[in-house]
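Undergrad: I would like to see how this sequence folds:
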Amino acid sequence: MDGSDTTADADGVDKETIRQRVWDDLEESGEARFPFPPHGRIPNFAGADDAAERLAEQPEWTEATTIKANPDAPQLPVRRAALRAGKTVYMAVPRLADEKCFLKLDPDELSDYDAATTVSGSSKHGEQVGPDAVEEIDLIVSGSVAVTDDGGRIGKGEGYSDLEYAILRGLGLVDESTAVATTVHERQLVDDPVAIGDHDVAMDLVVTPERTIRPEHRAQPSGIDWNLLDEDRLEEIPVLRRLQSP
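TA: From the prediction side, this is the model:
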């Protein structure tokens, strides 16, 4: 549910074309940062720390006590800043492949914020919890490969980010008013017309090292679009089976 399709309608460029162009550009311009190559992932970028600092100046951030964040490298400074500000951070376990499908990073329970916020460290230091133990989320921070002028997010194409939002919405842990932000490099902003689906989560706040952009708000997905999920994905993700049950 990330809009992992590679076909475009008559008015849009397909997402895979945008992904490859952005990945290539970050690499060729020297703006990509470890891990390399940037391709096939949420790419790390020069200035990710500055973008995190700029995000931390926004009212959506200062008013939030609980944040759901992605685990990728460019948002590592965001996760660390959240814990240092006393905010609880939730991250999804890889591919949502467990009944306890979230990792809880509680700043009051952790002694080493730097270790706890890495991809490997979060599973070691965080508390793995089920949906019933997740608090209401005040702010979502997503990783992006590219973002359109109107806040349309293009991920790496696997669909998990949008699915995580849909699950949280289905559990009543986020709603239409929950802000969704992303931190990106200026080179990840695209002005191409891109076909963005109804299931794609819109960005309310796009933060680069140089500026903060607030696209005009679009309606967010109201929950899980079951028609987009095949039997394999339903079988792989226990929380989906739970939500599907009457």
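Undergrad: hmm, who's touching whichever strand or helix holds G121?
TA: Assigned by DSSP states H and E, G121 belongs to helix 119-125. Helix 119-125 is contacted from outside by P71, D72, A73, M91, V93, L103, L105, L110, D112, A115, A116, using Cβ atoms under 8 Å, 6 or more residues apart in numbering. For glycine as for every other residue, the C-beta is placed from the backbone atoms N, C-alpha and C.
Undergrad: show me where pLDDT drops low in the chain?
TA: 1-11, 246 (pLDDT under 70).
Undergrad: Looking at strand pairing, list the partners for the most centrally placed residue in it.
TA: In the chain, the residue lying closest to the centroid (Cα atoms, centre = their mean) is S142, at 2.1 Å. Beta bridges link S142 to T182 when assigned by DSSP bridges.
Undergrad: I figured it was touching M203, is that so?
TA: Yes. Counting by Cβ atoms under 8 Å, S142 touches M203, with 7.2 Å between them.
Undergrad: Please identify every residue contacting each of those two.
TA: R153, V180, A181, T182.
Undergrad: what sits against the second one?
TA: With contact set as Cβ under 8 Å, 6+ apart, V180 has these partners: L139, I140, V141, S142, Y165, V201, A202, M203, D204, L205, Q220.
Undergrad: that older thread, which two in the shared contacts of S142 and M203 are spaced the farthest apart?
TA: Using Cβ to Cβ, the shared contacts of S142 and M203 span at most 10.5 Å, a distance reached by R153 and A181.
Undergrad: who touches both of these two?
TA: S142, M203.
Undergrad: Look up phi and psi at the residue lying closest to A181 once chain neighbours are set aside.
TA: Leaving aside its chain neighbours, A181 sits nearest to L205 (3.8 Å; criterion: Cβ to Cβ, 6 or more residues apart in numbering). Per-residue torsions, L205: phi -140, psi 120 (degrees, to the nearest 10).
Undergrad: before we move on, what about K87?
TA: phi -90, psi 140.
Undergrad: repeat for the one 5 residues further on
TA: Backbone geometry at A92, expressed as degrees, to the nearest 10, gives phi -80, psi 140.
Undergrad: Please report the distance of it from L228.
TA: 18 Å (Cβ to Cβ, to the nearest Å).
Undergrad: So which of these two has more stuff around it?
TA: A92 (22 against 18; other Cβ atoms under 10 Å).
Undergrad: contacting residues around stretch 43-59?
TA: 22-23, 26, 30-35, 38, 61-62, 72-78, 80-81, 85, 141, 145, 181, 183-185, 187-188, 205, 207-212.
Undergrad: Can you flag the buried ones in the residues you listed?
TA: For the contacts of stretch 43-59, a burial check counting by 16 or more other Cβ atoms under 10 Å picks out 22-23, 26, 31-33, 38, 61, 72-78, 80-81, 141, 145, 181, 183-185, 187-188, 205, 207-209.
Undergrad: In helices, which of these fall?
TA: Here DSSP state H is the test, and the buried ones among the contacts of stretch 43-59 give V22, W23, L26, W61, L76, P77, V78, R80, A81 as lying in helices.
Undergrad: Of the residues you listed, which is the nearest to D98?
TA: Nearest to D98 among those, with distances taken as Cβ to Cβ, is L76, at 22.5 Å.
Undergrad: That closest one - nearest residue in space that isn't next to it in sequence?
TA: Closest to L76 by Cβ to Cβ, 6+ apart is T117, at 6.0 Å.
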